[in-house]
Structures are given as C-alpha cells and as structure tokens.
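> what's the 3D shape of this:
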Amino acid sequence: MMSSMPPAELTLRDVYAARQRIASVAARTPLAPSPTLSGLAGARVRLKLECVQHTGSFKVRGAANKLSSLSDEERARGVITFSTGNHGRAVAFVARQAGVKAVICLSEMVPANKVEGVRQFGAEVVRHGQSQDEAMARAYELVEERGLTLVHPFDDPQVIAGQGTIGLEILEELPGVDTVLVPLSGGGLIGGVALALKAANPGTRVIGVSMARGAAMYHSLQAGKPVQVAEKETLADSLSGGVGLDNRYTFEMVRRFVDEVILLAEEEIAEGMAFTLEEHRLIVEGAGAVGIAALLRGKVTDLGREVAVVVSGGNVDIAQVLGLVQEYRPTP
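So this is what the prediction gives:
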C-alpha cells in the first residue's frame, strides 16, 4: 500500500505550519508507557493520549488549523460541518474561542452525550438523517442557503495537516518508533499521522484499526475506490460514516501510506475500553480503544521494538464504560 510521496496538495511543511497555528488551542498530549500491553505485545508500547485533549479528542487539532486558515470574510459568514460528534464538538469549541458562528449537522445516530457536548460550546445543532452521509447532505444544503464555510471533518488539507501534528509529537518523543496503530475512519487522522511518520522514516509501519461493522475506508480500499457502506450501530461510533464518493485526499493517502488495516468485533472493542479503564484509569470511547484492543487480541505481528498507539478520544458515557468493565473485566 505504501508509496514515498504524498498528494501534491499536502506536504510535511504544512504539518509544521499547522503546529505553529494550533499551539495556543490544542494541547501537546502525553505519550504514556503501558507496561501490561508491553508485556503482552513483546515490545515497548506507549499510548498517545488524545483522549485528554481540551475537547476530549484529537479533532481539535484539525479544526483549529482549518479555522485559523480562513479569511476574515469566511469567518464573518460563519462555519458549518457534519460529524459523528467529536469533530463537531471541536469545531464548536474553536469557533467559540474565535468568535465565529458555528452550525453542526449531526445524524440521529450520534449518541446523546456527544450531541450535548456540541451544544455545550454554543454551536447551533441541526439533527438530520440516519447516517453521517445524510447529515453531510444537509450541511451542503445549508452552505448554499446561508453562505456558510464548510469545515470538512477529514477530507481537507488543513484538517489533515492539523491531525498530522500528532505524528510530529510521537517522533519527537520516540524517534525510533517502529509501528504506530491509529484509529481509521474517514482517514484524516491516519493520513496526517502517516504523512509525518513516513517523511521521517518510510519504514515505519502505520496500521489502521477500525470496527468490522460499517468500515467504509476498509471496503473502499478493497474496491480500489471510495464506496458507500451502510452505517451500523457500534461501540466505535466515532469511526462510523462514509469516506465520500468524491473523496479528494484521504482515500489516496490511506492507500499510499497505510501498511495494514485491522477490523475488530464489538466484543474486542469492549475489551479494549474495559482494559484501558482497569489498567490506566482512563475513560476511553470505543474508537479510542481500537488500537489497544488490537494489541490485546494479538492482531498485529512484526511490531518491532517501539510501538505507539493513538488513543483518539474519550467522549463516551461513563456509565457505558463502567458496564463494560463489569462484563469484560480483564482476566489475570
């Protein structure tokens, strides 16, 4: 899958520029050792804790970079996005700080806690449809009706570059990293992270991890082009949604840069969430736990000596996680 060159529209320089732009908005997150996972994996495993970001997920990086790149006229008109929750929350957070009006389109599939998380930052919430694709269609209608500026959740160079700053931080703390596991959905996160990692060392393995239920990017890769995949209920709800049939950036970046894609059953994701609470005292949503779950189940071979796992978010109902701990408590 790997190639040495990114799409011409996006370079490592863009990722460094993004880091400068977002420094006052997005936190530099810890890269924490995981002794138990290290023992299981036979490698030194560290967790990149994006779940402790200001908005509870990595999405604030891309949102901050995109909004800081807008013209005064675009900011004055206001912004709009569609989301499975975390990107919408991030856009709402950054927009409020910048004094920009924000409209967030969410489908009826988005969990109540994530809807409330968006409203918390003062954005207008539009609920529409039974999938992210349907929420996206409504967002594009509102762009035309109201003259709003679209902040795409993944298929945008500035959003991708913002997410890529995670890769820079991993490299600075772990320059010899051999393998990085990254949650995979629309590809903005893994595309940006892989761009940074492969620029430093093309031999670094980048592995995408997704849920088996409705993994749009996985099925698109199998088809050789973006395809539509039915959205299904899953613990990893942040990884739901399509990649866009007119995808311009992330499909090609994932195809070129990602070495392997792993799919997980719901039970495996639940185990990852339970493990992270038990072992690290961290509340992590299903999407954030997929890399951990893949290691727990021994789904990755040839890890090398140094491994990083991107824990992408923690925006989940606490009662749900506590229930999973009771059901999937790790056995010694």
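
> Where does the prediction get shaky in the stretch 201-332 of the chain?
Along the stretch 201-332 of the chain, the parts satisfying pLDDT under 70 run over 329-332.

> my guess is V125 contacts L106, does it?
Yes. Proximity of V125 to L106 meets the contact threshold set by C-beta atoms under 8 Å, at 6.2 Å. C-betas here are computed from N, CA, C, even on glycine.

> which residues do these two both contact?
Common contacts of V125 and L106, defined by C-beta atoms under 8 Å, 6 or more residues apart in numbering, comprise G88, V115, V118.

> which element is the residue most central in space within the chain on?
In the chain, the residue lying closest to the centroid (C-alpha atoms, centre = their mean) is L189, at 4.8 Å. Here L189 sits within helix 188-200, counting by DSSP states H and E.

> ok, now A76?
Using DSSP H and E, A76 sits in helix 72-77.

> what mean pLDDT would you report for that helix?
Average pLDDT, helix 72-77: 94.

> sorry, back to before: look at V125 and L106 and report which has more neighbours.
L106 (25 against 16; other C-beta atoms under 10 Å).

> which residues pair with that one across the strands?
Beta-bridge pairing for L106 (DSSP bridges): S83, R127.

> mind giving me the domain split of this protein?
According to automatic domain parsing, the chain comprises the domains 12-58+156-328, 59-150.

> okay, how far is it across the first one, tip to tip?
Put plainly, it is domain 12-58+156-328. Taking C-alpha to C-alpha, to the nearest Å, domain 12-58+156-328 runs 41 Å from one end to the other.

> try stretch 52-72
For stretch 52-72, the first-to-last residue distance is 31 Å (C-alpha to C-alpha).

> hey, where'd the strands end up in this protein?
In the chain, the strands defined using DSSP state E lie at 31-33, 44-49, 79-83, 102-106, 124-127, 149-150, 179-183, 205-211, 260-264, 306-311.

> what is the rounded mean pLDDT of the second one?
Spelled out, that is strand 44-49. Rounded mean pLDDT across strand 44-49 is 98.

> Parallel or antiparallel, list what pairs with it.
Strand 44-49 has its sheet partners listed here by DSSP bridges as strand 31-33 (antiparallel), strand 306-311 (parallel).

> Check what contacts the first one and list those residues.
Read that as strand 31-33. With C-beta under 8 Å, 6+ apart as the test, strand 31-33 has contacts from R44, V45, R46, L47, K48, L49, E169, I170, E173, L174, H280, A308.

> got the residues you listed as JSON lines, with neighbour count columns?
What follows is these, written out as JSON lines (neighbours: other C-beta atoms under 10 Å):
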{"residue": "R44", "neighbour count": "20"}
{"residue": "V45", "neighbour count": "25"}
{"residue": "R46", "neighbour count": "22"}
{"residue": "L47", "neighbour count": "26"}
{"residue": "K48", "neighbour count": "26"}
{"residue": "L49", "neighbour count": "21"}
{"residue": "E169", "neighbour count": "19"}
{"residue": "I170", "neighbour count": "23"}
{"residue": "E173", "neighbour count": "14"}
{"residue": "L174", "neighbour count": "17"}
{"residue": "H280", "neighbour count": "19"}
{"residue": "A308", "neighbour count": "28"}
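
> Q158: which of the residues you listed is nearest?
Within the contacts of strand 31-33, proximity to Q158 (C-beta to C-beta) peaks at E169, which comes in at 18.1 Å.

> thinking again about what came up before, pull out the buried residues from the helix holding A76.
By neighbour count on 16 or more other C-beta atoms under 10 Å, the buried set for helix 72-77 is E74, R75, R77.

> of the shared contacts of V125 and L106, closest to I318?
The closest of those to I318 turns out to be V115 (C-beta to C-beta; 16.2 Å).

> Give me the neighbour count for the closest one.
Neighbour tally, V115, other C-beta under 10 Å: 18.

> Ok, S240 next?
Neighbour count of S240, defined by other C-beta under 10 Å: 27.

> Same check on R13?
Neighbour count of R13, defined by other C-beta under 10 Å: 10.

> How about C105?
26.

> Surely it is in contact with D133?
No. Judged on C-beta under 8 Å, C105 makes no contact with D133 at a distance of 11.0 Å.

> what touches both of these two?
Shared contacts of C105 and D133 (C-beta under 8 Å, 6+ apart): none.

> How about the longest helix anywhere in the chain, which residues are buried there?
Secondary structure assigned by DSSP state H gives helix 157-173 as the longest helix of the chain. Applying a neighbour-count criterion of 16+ other C-beta under 10 Å, the buried positions in helix 157-173 are 157-171.

> give me every residue that touches L245.
L245 makes contacts with P226, V227, Q228, as judged by C-beta under 8 Å, 6+ apart.

> mind pulling up the phi and psi values for it?
Dihedral angles of L245 (phi, psi; degrees, to the nearest 10) stand at phi -70, psi -20.

> any idea how far D133 is from it?
Taking C-beta to C-beta, to the nearest Å as the measure, L245 falls 9 Å from D133.
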